[in-house]
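Enquirer: I need the structure of the sequence given here:
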Amino acid sequence: MQNTSRMALPVVICTALLCVAGACAQEFPSRPLRLLVPFAPGGNTDILARAVAPKMAEKWGKPVVVDNRPGGSGLLACELVAKATPDGHTLLVASTGEVAINPSLFRKLPYDPLRDFVPISLGTISPLLLVKHPSLPPRTVKELIDFAKNRPRALAYASGGVGGPLHLSGELFKMMTQTDLVHVPYKGGGPATAALLGGQEAQIGFVGMGPILPHIKSGRLQALAITTARRSPQLPHLPTLQEESVKDFDTSIWFAFFAPAKTPKLIADRLNAELVRILTLSEVAQYLINTGVDVAPSSPAELARFVKSETDKYHKIIQVSGTQIE
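Expert: The predicted structure follows:
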């Protein structure tokens, strides 16, 4: 009889915990929500957060605050979310760098994306473009590769800084095409674009689609290919790098939602359902598409698998290229 009581006790405890979790989910949200953005206002991460925040507030009747915490390659905002109470009221709106790149780029991080965050939903994906200055003779990716192979270290590619997706896309291109290109890092995408427009310090680059589209349309820069596995509806005639014989090349900048670890699954699922609903609203989707991104909501499990594959990919690129930040 005593043994039976001992065996029943864990079942009673588990049942009680499930009831508490269910009650919390029913009451969620019980106070204002906070979306932490690791960058200053105006970028794609911030745009995504501000697109969904008012819709969440409207549906749930609670304020949803976008809290910009720039600094330290996104480390500040990520650490704050990692240490936040896991009740669904604090979310991280993160990009490729903070989640999939930083673990391999930095020797020490104040957070572990796999241990400290619960995936909620992918938000948007920004394809990258391989562009060149019009004065550079090659007109196709194949011609560019041949040109670079015949002139080792004669071509320079610009990026917005060491260790970002633009830089690592260039390193992946070098690895896959066996070309010797010079990396010229700048302090942000704006200066890198300015350098490409000048065509002196850097002649080619991997750049975000949104900011560069006006320069392509004006003819000041020429796009050779898109980095994602599929073509973009915004530039349907532009081939992918895979179509241009750079097999399996697939990079982008993506933006997604995460909650602190140990957030109850019922709350995480409720957050996911609401974000998917908002991102599939026609007015929200069209607004985001107009900024140069593809809208791509997902399930938590799909996001978890995607983050794992992206982390593995960038770990290999960083290892081979020797890129490291102390």
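
Enquirer: Going by C-alpha atoms from here, please, whenever you check contacts or count neighbours.
Expert: Fine.

Enquirer: can you give me the offset of stretch 43-62 from its chain's centre?
Expert: Offset of stretch 43-62 from its chain centre (C-alpha atoms, centre = their mean, to the nearest Å): 17 Å.

Enquirer: model confidence over it, on average?
Expert: In this model, stretch 43-62 carries a mean pLDDT of 96.

Enquirer: which residues sit against that stretch?
Expert: With contact meaning C-alpha atoms under 8 Å, 6 or more residues apart in numbering, stretch 43-62 is reached by 29-33, 35, 37, 39-41, 63-66, 68, 93-95, 123-124, 255, 274-275, 278-279, 284, 288, 291.

Enquirer: Could you give me the buried positions within that stretch?
Expert: For stretch 43-62, burial by neighbour count (16 or more other C-alpha atoms under 10 Å) applies to 44-46, 48-56, 60.

Enquirer: Just flag the most distant two among those.
Expert: Using C-alpha to C-alpha, these reach their maximum pairwise distance at Asn44 and Trp60, which is 24.5 Å.

Enquirer: Can you tell me the element Thr124 falls in?
Expert: strand 117-132 (DSSP states H and E).

Enquirer: tell me which strands and helices that strand is in contact with?
Expert: strand 204-208, helix 209-218, strand 222-226, strand 252-260, helix 265-279, strand 294-295, helix 300-321 (3 or more C-alpha pairs under 8 Å, 6 or more residues apart in numbering; DSSP states H and E).

Enquirer: right, and the ones you listed - which one's nearest Leu166?
Expert: Among the helices and strands packed on strand 117-132, strand 204-208 sits nearest to Leu166 (C-alpha to C-alpha), with 5.4 Å.

Enquirer: So in that sheet, which strands flank the closest one, and in what orientation?
Expert: Partners of strand 204-208 in the sheet, by DSSP bridges, are strand 117-132 (antiparallel), strand 156-159 (parallel).

Enquirer: Need the contact partners of it.
Expert: Residues contacting strand 204-208 (C-alpha under 8 Å, 6+ apart): 126-133, 155-159, 166-167, 169-170, 189, 193, 196, 253.

Enquirer: Now tell me which helix or strand of this structure has the poorest mean pLDDT.
Expert: Of all helical and strand segments in the chain, the minimum by mean pLDDT, DSSP states H and E falls on helix 2-27, at a mean of 55.

Enquirer: What's the first helix or strand after that helix?
Expert: Past helix 2-27, the next helix or strand by DSSP H and E is strand 33-37.

Enquirer: helices and strands around that following strand, which ones?
Expert: By 3+ C-alpha pairs under 8 Å, 6+ apart, strand 33-37 packs against helix 44-60, strand 64-68, helix 75-82, strand 90-95.

Enquirer: Packing partners of the last one?
Expert: Using 3+ C-alpha pairs under 8 Å, 6+ apart as the contact criterion, the secondary-structure elements in contact with strand 90-95 are strand 33-37, helix 44-60, helix 75-82, strand 252-260.

Enquirer: Kindly reformat the helices and strands packed on strand 33-37 as TSV containing distance to Leu144.
Expert: Formatted as TSV, the helices and strands packed on strand 33-37 follow (distance: least, C-alpha to C-alpha, whole Å):
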stretch	distance to Leu144
helix 44-60	30
strand 64-68	40
helix 75-82	37
strand 90-95	30
